[in-house]
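1. with the sequence up front, the predicted model follows.
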Amino acid sequence: MDLHHLRCFVATAEELHFGRAAQRLDMLPSALGRFIRLLEEDLGTRLMTRTTRSVALTDDGALLLKEARALLAQADALAGKFRTRGRNRAPSIRVGAIDSAAAGLLPRLLHDFRKRRPDVTVQLVEDKTVRLLPRLLSGRLDLAFVRPPQRPDKRLEFLFLLHETAVVAVAERHPLSQRMRVTIADLEETPLIVPERRSRPHSHDLTMKLFAEAGREARIAQIADEKQTIVNLVSAGLGVAIVPRWTSRMATRGVRFIRLAASDMNKLPLAAAWTRGTRDPVRDDVLAMLKADLPRYAREA
């Protein structure tokens, strides 16, 4: 027994005519008769007596009519309640971002988006690319700002946005802290703090490639996963780190961020990602605004 069978029964019981009931339900009389028979078989009782000229309810049919009306009214009220909640609920978007984008791009982007769409609720998740992409695929995120992987999953769409400029984080008491710019040669004898390659391949490889390009050897003293941890270790004087410029917006005392001499490799790519083939008007609004204002955001990276 399901709600559709009950609706067929109630319509027939109220009309006491299969033709009129079928017309009311926009179905064939033969199909209606089949549903009534299935309902009777399911309940194990006769609900109606039928002749070529009339339809009448049995005692069980009359009892079921009363109960079915109440049950259908309750079901309709429940469905209406949740439809109303859906219409009244504010639109929302679930956004994921790597730490530097969460510190640099997202505050400005979401501020601008709020002025355009104050009705939208934004849920923000900060994590690594390797963890954000599975969240997109599982439907737990609508949009993510990530480092584009070397082998992109074909189930995802990627939109390259900009390159983040790398800078050097040094402790305020470090001999290089008063410099306006440093080169890789200046860092050759300096202990380095780098992220684990498995979790942050772009950031790890950037440091190694910059040293290789300069013909120098990187002296790795510490490996740490999180940017905030890396910057805290720099503050404690355990080494220096090459990080995205937006990392300087993370609140850490005792650290200076110094420009790194220009290099074609001195960049970290940032992309927007979402699940291919999905429709999301709020996400599309964010992307449209981002594309329109991208030169302004890129200048700050």
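-> Good, I have the coordinates. Numbering: from 1, shown residues only.
2. in the stretch 101-250 of the chain, which spans are strands?
-> Counting by DSSP state E, counting those that start in this stretch, the stretch 101-250 of the chain forms strands over residues 121-126, 143-146, 156-171, 181-182, 192-194, 220-223, 241-244, given from the N-terminal end onward.
3. out of these, deepest packed?
-> Compared across the strands of the stretch 101-250 of the chain, strand 241-244 shows the largest average neighbour count, a mean of 27 (mean count of other Cβ atoms under 10 Å). From N, CA and C alone the C-beta is placed, and that goes for glycine too.
4. contacts for it?
-> Residues outside strand 241-244 that contact it (Cβ atoms under 8 Å, 6 or more residues apart in numbering) are 100, 104, 164-169, 192-194, 203, 206-207, 210, 227, 230-231, 233-234, 257, 260, 268, 301.
5. and stretch 60-80, by the same measure?
-> Outside stretch 60-80, the residues within contact range by Cβ under 8 Å, 6+ apart are 3, 6-7, 9-10, 13-14, 43, 45-48, 57.
6. out of those, list just those in helices.
-> Restricting these to those inside helices, with DSSP state H as the criterion, leaves Leu3, Leu6, Arg7, Phe9, Val10, Ala13, Glu14, Leu43.
7. distance-wise, check Ser54 relative to Met48.
-> Using Cβ to Cβ, to the nearest Å, we find Ser54 at a distance of 10 Å from Met48.
8. so those two - more neighbours on which side?
-> A count of neighbours by other Cβ atoms under 10 Å puts Met48 above the other of Ser54 and Met48, at 20 against 9.
9. my guess is the more buried one contacts Thr12. True?
-> Yes - taking Cβ atoms under 8 Å as the definition, Met48 is a contact partner of Thr12 at 7.1 Å.
10. and for these two, which residues touch both?
-> Counting by Cβ under 8 Å, 6+ apart, the residues touching both Met48 and Thr12 are Ile36, Val55.
11. tell me which residues in stretch 113-133 are buried?
-> Of the residues in stretch 113-133, Phe113, Arg117, Val120, Val122, Asp127, Lys128, Thr129, Leu132, Leu133 count as buried by neighbour count, 16 or more other Cβ atoms under 10 Å.
12. any idea how far the second one is from His111?
-> In other words, Arg117. Look at Arg117 and His111: by Cβ to Cβ, they are 12 Å apart.
13. Ser203: how many residues sit nearby?
-> Each residue near Ser203 was counted by other Cβ under 10 Å, and the total is 27.
14. ok, the one 4 residues further on next?
-> A total of 21 residues lie near Thr207 under the criterion other Cβ under 10 Å.
15. over to Asp284?
-> A total of 12 residues lie near Asp284 under the criterion other Cβ under 10 Å.
16. repeat that for the one 3 residues further on.
-> Neighbourhood size, Leu287 [other Cβ under 10 Å]: 16.
17. so it sits against Ala272, correct?
-> Yes - counting by Cβ under 8 Å, Leu287 does reach Ala272; the two are 6.5 Å apart.
18. so what sits against both of these two?
-> Residues within reach of Leu287 and of Ala272 at once, by Cβ under 8 Å, 6+ apart, are Leu143, Leu159.
19. could I get the average pLDDT for stretch 178-189?
-> Stretch 178-189 carries an average pLDDT of 85.
20. need the longest helix for this protein.
-> The helix of greatest length in the chain, counted in residues with DSSP H as the criterion, is given as helix 59-88.
21. off-centre distance for that helix?
-> A distance of 35 Å separates the C-alpha centroid of helix 59-88 from that of its chain, computed with Cα atoms, centre = their mean, to the nearest Å.
22. do stretch 142-155 as well
-> Relative to the chain's own centre, stretch 142-155 is displaced by 12 Å; criterion: Cα atoms, centre = their mean.
23. give me the mean pLDDT for it.
-> Across stretch 142-155, the average pLDDT comes to 88.
24. find me the pLDDT at the residue located most distally from the centre of the chain, would you?
-> Here the chain has its C-alpha centre computed as a mean, and the residue farthest from that point, by Cα atoms, centre = their mean, is Arg53 with 61.2 Å. According to the model's per-residue confidence, Arg53 sits at a pLDDT of 80.
25. state the distance from it to Pro149.
-> Arg53 sits 74 Å away from Pro149 when distances are taken as Cβ to Cβ.
26. now Ser92
-> The spacing between Ser92 and Pro149, counted by Cβ to Cβ, is 27 Å.
27. which one of those two has more residues nearby?
-> A side-by-side neighbour count of Ser92 and Pro149, using other Cβ under 10 Å, places Pro149 first with 16 against 12.
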